[in-house]
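Student: Below are the sequence and a predicted model; questions follow.
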Amino acid sequence: MTLADFSQHRPSLYTKDARTKARNAAEKRFRVYGIVAVGIGVLALIVLLSSVLGSGLGAFRQTMLSLPVTLDAKLLDPKGNRDPADLAKATTITYGKLLSQALEAAVTEKGLAPEGMKTKDIGALISKEAPAILRNQVLANPDLIGTTIDFEALAGGRIDGFFKGRVTMESAALDSNVSPAQLELAQAMRDAGMIKLALNPSFITNPDASELRPESAGLGVAILGSAYMMVIVLVLSLPIGVAASIYLEEFAPQNRFTDLIEVNIANLAAVPSIVFGILGLAVFINFAGMPQSSPLVGGLVLTLMTLPTIIIATRAALKAVPPSIKDAALGVGASKMQTIFHHVLPL
């Protein structure tokens, strides 16, 4: 075969054979699969965030009830001396009666009160937390006694749920804590401007609440407890983890015991968090008798859970320091402790 014949029959680099076409098609399919997988992940994330925000954002808005309240001096300060000790004798029950009477008078004046509804049922629209809030205001400013103030009270949990779509007329008919007549009254009060959904910034600072007054619950105690817990984790896990890493990397002899420790550290780093939770329940609560709601228990459990990660990461960082740094420090007469703490660890 001549050179001309060979050049004529030689396949061109730009001509795709069957195998090349199949390989390119497989690559395109793989890219499509990847794009579809990423799209499904993003869609799942959007659905999750929408669900979380849809369920949780309502907590930042609270149903408030505005009404004029006359602080009767005969009930709140019978002696008339404005003595804080005497004023403190008026309990939240007394303030609750004042609020119920004020609400009944307000809805009656506007012609909203349903016929035959008792004062107690009308007052049930107000949260059980409202009397305590009003009492604290009076104790902080006794001069309010004997005057009429415009008071904004929290609405009850069922009323709040009604305006947020969680409670309906059908569910109220089967609920012993609220009736359809009360919901109709609440709707009429909203139309009259006596009830509104307002921003609830106290949700960030309020403590948790009982099931009798869920509308006053907040995140304050949870945030504070989490902060205390993280301080405990920082104080315990960081020095212990770094010290263990320095010992294992720089001082520990290479034997079966240290090998066993290293294997267990690597295994603990992969243990699910629920296992550490069960460990904390068994050791710190059941055995040691620590209080269940203490941030100390959570801090100790998180310390155990983060120690393997800190040790592994710190050892990797110590190995990354060039050996020449150690050799230079030891060469000029530094001890091993000085070499590690003055040169290796800062780097």
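Tutor: That came in fine, so what should we check first?

Student: Tell me if I am right that S293 is in a strand.
Tutor: No - remark: S293 does not belong to a strand; assigned using DSSP: H, G, I helix; E, B strand; the rest coil, it is coil.

Student: For V167, what are phi and psi?
Tutor: phi -120, psi 140 (degrees, to the nearest 10).

Student: Return the residues in contact with it.
Tutor: 158-159, 161, 175, 178, 183 (C-beta atoms under 8 Å, 6 or more residues apart in numbering). Quick note: C-beta positions are derived from backbone N, CA and C, even for glycine.

Student: who wins for neighbours among those residues?
Tutor: Ranked by neighbour count (other C-beta atoms under 10 Å), the contacts of V167 have I159 at the top, with 27 neighbours.

Student: just to confirm, which helix or strand has it in it?
Tutor: helix 157-163 (DSSP states H and E).

Student: likewise K196?
Tutor: Assigned by DSSP H and E, K196 belongs to strand 195-199.

Student: With just CA atoms, put that strand into PDB.
Tutor: Provided in PDB are the C-alpha atoms of strand 195-199 (Å, rounded to 0.1, in the frame of the first residue of the first chain):
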ATOM      1  CA  ILE A 195     -58.900  42.300  68.000                       C
ATOM      2  CA  LYS A 196     -55.900  42.300  65.700                       C
ATOM      3  CA  LEU A 197     -52.900  40.200  64.800                       C
ATOM      4  CA  ALA A 198     -49.800  42.100  65.900                       C
ATOM      5  CA  LEU A 199     -46.100  41.400  65.900                       C
END
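
Student: Now that we have the contacts of V167, can you turn them into a markdown table and tack on pLDDT and distance to E249?
Tutor: Formatted as a markdown table, those follow (pLDDT from 0 to 100; distance: C-beta to C-beta, whole Å):
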| residue | pLDDT | distance to E249 |
| --- | --- | --- |
| R158 | 91 | 61 |
| I159 | 91 | 63 |
| G161 | 90 | 58 |
| D175 | 88 | 64 |
| V178 | 90 | 65 |
| L183 | 92 | 68 |
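
Student: I'd like those as TSV, with distance to Q137 appended.
Tutor: Formatted as TSV, these follow (distance: C-beta to C-beta, whole Å):
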residue	distance to Q137
R158	25
I159	22
G161	26
D175	31
V178	27
L183	29
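
Student: Lovely, talk soon.
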